[in-house]
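1. A predicted structure for the sequence below; I have some questions about it.
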Amino acid sequence: MPELPEVETLRLGLKKYLVGHKIEDVEILHPKIFFGDKKDIVGAAVKGIRRVGKGLIIDLSNEFSLAIHIKLTGQLIYQDNKTVKNPVSKLKVGSVPNKFTHIIFRLNGDSKLFYNDQRRFGWIKVVKTNEVMNLPFFKEMGPEPFAEELGSGQVDLTLDKFEEIISNSKTVIKPLVMDQKKIGGIGNIYANDALFKAKIDPRRKANSLSEAEIRKLYDSVLFVLKKGLDSGGASELTFVNILGQDGGYQNHTLVYGKRGKTCPNCGSKIKVIKLAGRGTFFCEICQK
């Protein structure tokens with residue numbers, strides 16, 4: 001599932017290409033993904049783009065907003081007369097619209113924003129702007145790494161806050177780091193890599209970590225997320241940026257997706273187990 005770096009990449013792309021455009025029509029090809037009345041947004045202009053954890057908010061000029069969660073396989077693809085000529089990921093997008101295109105926002109200037117979703121788990125909701133943060137998905141979001149730096153408006157995940165969350169929990173550390181109600185924005189890719197970099201066994205109970213280990217994990221979380229942000233996200237499954245192009249973090253993962261490959265630290269084989277239903281990649285030698 002796209003995580004903080006991937007969704008922030010989308011936010012930046014939407015900010016660049018979408019802000020100022022007027023929504024002239026909305027074509028809803030799969031009603032179960034779109035919630036609300038399209039009449040509330042047709043004729044409104046895009047005023048701003050926000051991100052909360054793994055979710056996006058498109059604020060409009062008429063005091064309505066679009067709340068978006070792309071979940072596992074959602075894509076937001078923008079095209080106008082210029083960007084349509086840019087190369088897209090042939091494997092993950094091909095051409096748009098396609099059989100996975102479920103919503104088409106028709107904008108002024110012959111521009112379009114396509115919402116594709118292979119598994120159709122994502123959603124787009126029309127909500128009054130002053131009520132959007134009351135949606136449980138946003139309201140219950142935990143503090144975020146880089147919140148202050150990226151201007152997300154969320155509580156910043158400081159070291160003190162991180163220490164408080166970790167030391168007061170008996171939950172296994174990897175699922176805890178991925179719990180959006182505890183910490184916003186971190187999913188399976190970056191949790192795996194952060195724990196590997198910190199040399200912490202993902203199966204350990206959170207409150208078993210020493211103060212030094214918690215600090216090391218905090219630094220590792222920031223390191224891998226920063227690498228993800230700098231790389232434009234990880235193009236795992238179907239993720240692409242707003243122009244339909246691949247990110248690059250999949251070329252820099254430390255341990256994620258490397259089952260059976262050699263550990264860069266000790267030379268042993270990377271193993272994978274299931275924790276809380278998610279594939280967990282780790283080195284038994286380095287992450288004791």
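-> Yes, it's here.
2. Pretty sure Ile242 sits in a strand.
-> No: read with DSSP: H, G, I helix; E, B strand; the rest coil, Ile242 is coil and lies in no strand.
3. how about it, what does it touch?
-> With contacts defined as C-beta atoms under 8 Å, 6 or more residues apart in numbering, Ile242 is in contact with Thr9, Leu10, Gly13, Leu14, Lys16, Tyr17, Leu18, Leu76, Ile77, Tyr78. For the C-beta atoms, the positions are set from N, CA and C on the backbone; glycine is no exception.
4. Can you redo these as JSON lines, where the extra columns are secondary structure?
-> Converted to JSON lines, the contacts of Ile242 look like this (three-state DSSP):
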{"residue": "Thr9", "secondary structure": "helix"}
{"residue": "Leu10", "secondary structure": "helix"}
{"residue": "Gly13", "secondary structure": "helix"}
{"residue": "Leu14", "secondary structure": "helix"}
{"residue": "Lys16", "secondary structure": "helix"}
{"residue": "Tyr17", "secondary structure": "helix"}
{"residue": "Leu18", "secondary structure": "coil"}
{"residue": "Leu76", "secondary structure": "strand"}
{"residue": "Ile77", "secondary structure": "strand"}
{"residue": "Tyr78", "secondary structure": "strand"}
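5. So among these, which ones count as buried?
-> Thr9, Leu10, Gly13, Leu14, Tyr17, Leu18, Leu76, Ile77, Tyr78 (16 or more other C-beta atoms under 10 Å).
6. which residues does the last one contact?
-> By that I understand Tyr78. Gly13, Leu14, Tyr17, Leu18, Ser111, Lys112, Leu113, Phe114, Ile242, Leu243 are the contacts of Tyr78 under C-beta under 8 Å, 6+ apart.
7. Same check on the second one?
-> Shown here is Leu10, whose contacts under the criterion C-beta under 8 Å, 6+ apart are Pro2, Arg51, Leu56, Ile70, Leu76, Asn241, Ile242.
8. got a winner among the residues you listed for most neighbours?
-> Among these, the one with the most neighbours (other C-beta atoms under 10 Å) is Pro2, at 29 neighbours.
9. check which helix or strand covers the residue nearest to that residue when sequence neighbours are not counted.
-> Nearest non-adjacent residue to Pro2, counting by C-beta to C-beta, 6 or more residues apart in numbering: Phe239, 5.1 Å away. Under the criterion of DSSP states H and E, Phe239 resides outside all helices and strands.
10. looking at it, Phe239 is touching Ser231, isn't it?
-> No: counting by C-beta atoms under 8 Å, Phe239 does not reach Ser231; the two are 11.6 Å apart.
11. Now do the shared contacts for those two.
-> Gly247.
12. between the two, which one's more packed in?
-> Legend: neighbour count by other C-beta under 10 Å for Phe239 and Ser231, higher for Phe239 (28 against 19).
13. any idea which helix is longest in this structure?
-> Ranked by residue count, the top helix of the chain under DSSP state H comes out as helix 211-230.
14. got the buried residues for it?
-> Applying 16+ other C-beta under 10 Å to helix 211-230 flags 213-214, 216-218, 220-225, 227-229 as buried.
15. CSV please, covering the residues you listed and showing distance to Lys22 and pLDDT.
-> As requested, the buried residues of helix 211-230 are arranged in CSV below (distance: C-beta to C-beta, whole Å; pLDDT from 0 to 100):
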residue, distance to Lys22, pLDDT
Glu213, 52, 98
Ile214, 48, 98
Lys216, 49, 98
Leu217, 46, 98
Tyr218, 43, 98
Ser220, 44, 98
Val221, 40, 98
Leu222, 39, 98
Phe223, 41, 98
Val224, 39, 98
Leu225, 34, 98
Lys227, 37, 98
Gly228, 33, 98
Leu229, 30, 98
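16. Farthest pair within the contacts of Tyr78?
-> Gly13 and Lys112 (14.3 Å; C-beta to C-beta).
17. Spell out the residue ranges of the helices in the stretch 151-288 of the chain.
-> 159-167, 173-178, 188-198, 211-230 (DSSP state H, counting those that start in this stretch).
18. got the angle between the third one and helix 211-230?
-> By that I understand helix 188-198. Here helix 188-198 points in a direction 130 degrees away from that of helix 211-230 (axes from the mean of the first three to the mean of the last three C-alpha atoms, to 10 degrees).
19. ok, now the first one?
-> Orientation check (the same axes, to 10 degrees): helix 159-167 against helix 211-230 gives 110 degrees.
20. What is helix 159-167 packed up against?
-> Counting contacts by 3 or more C-beta pairs under 8 Å, 6 or more residues apart in numbering; DSSP states H and E, helix 159-167 is packed against helix 173-178, helix 211-230.
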